[in-house]
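Visitor: everything below, folded, please.
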Amino acid sequence: MRFAALAVLALMVGCPAHDKVAAPVSPPVPADVVQAAKATVEQWRQAYEVRSLDALAKLYVHDPSTVVVLDGTPIMGWSAIETALGDKLVHAKEIHVRLKDLAVTELAPTVACATATMTREIGDGITTVTENGALTLVLRRDDADASWRIAIEHYSYKRPG
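Guide: Prediction:
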């Protein structure tokens, strides 16, 4: 049995058709896309830390297709998202966001995805909740001013236990 498995492995390795199969190689993400996406993510982080709904609002696509998953609940459309973000910010006295391992992938010429590990601390003046997890932001370039705005935001964190 062991000999048969080794023989099959040897045939696969030596097979010319097997040699032609290669993993697809993605082209590198253009530097300007990486720089713009990282700048948008940093503005998002800072807007949360200063608890500014106005600063956050400038970073999102303002249409019905925008989606934010906030505290495990998907929120559809900018008007609903604006209300939910405002509610979250008004109850927080302090917000600290730390991002690590930020990576940017280009999905299309006008769409990019930024992912990072995130630690977010939200305090109401009495209690501070710390969440550790993964952040994904799908960004869309606005043709009018070439800025990159958040079309989809999703954050998931590990629950203690």
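Visitor: okay, CA-based contacts and neighbour counts for the rest of this
Guide: Noted.
Visitor: pLDDT below threshold where in this protein?
Guide: In the predicted model of the chain, residues 1-26, 160-161 satisfy pLDDT under 70.
Visitor: rerun at 50
Guide: 1-18 (pLDDT under 50).
Visitor: residues contacting Ser79?
Guide: His62, Pro64 (CA atoms under 8 Å, 6 or more residues apart in numbering).
Visitor: surely it is within a strand?
Guide: No. Using DSSP: H, G, I helix; E, B strand; the rest coil, the assignment for Ser79 is helix, not a strand.
Visitor: quick check, central residue of the protein?
Guide: Thr136 (1.6 Å; CA atoms, centre = their mean).
Visitor: and the closest residue to it other than its chain neighbours, what does it touch?
Guide: Using CA to CA, 6 or more residues apart in numbering and skipping residues adjacent in sequence, the residue nearest Thr136 is Thr115, 4.6 Å away. By CA under 8 Å, 6+ apart, the contact set of Thr115 is Asp101, Leu102, Ala103, Val104, Ala134, Leu135, Thr136, Leu137.
Visitor: mind naming the longest helix for the chain?
Guide: The residue-count maximum for a helix in the chain (DSSP state H) belongs to helix 31-49.
Visitor: off-centre distance for it?
Guide: Distance of helix 31-49 from the chain centroid (CA atoms, centre = their mean, to the nearest Å) equals 11 Å.
Visitor: where does Asp143 land in three-state SS?
Guide: Assignment for Asp143 (three-state DSSP): coil.
Visitor: that one and Leu59: what is the separation?
Guide: Per CA to CA, to the nearest Å, Asp143 is found 14 Å from Leu59.
Visitor: for this protein, what spans make up the helices?
Guide: Under DSSP H, the chain gives helices at 2-14, 16-20, 31-49, 53-57, 78-91.
Visitor: mind listing what's buried in the longest one?
Guide: By that I understand helix 31-49. Within helix 31-49, the residues scored as buried using 16 or more other CA atoms under 10 Å are 33-34, 36-38, 40-41, 43-49.
Visitor: redo those residues as TSV? Include distance to Leu89.
Guide: Shown next, in TSV, are the buried residues of helix 31-49 (distance: CA to CA, whole Å):
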residue	distance to Leu89
Val33	29
Val34	28
Ala36	25
Ala37	24
Lys38	23
Thr40	19
Val41	18
Gln43	16
Trp44	13
Arg45	13
Gln46	13
Ala47	10
Tyr48	8
Glu49	10
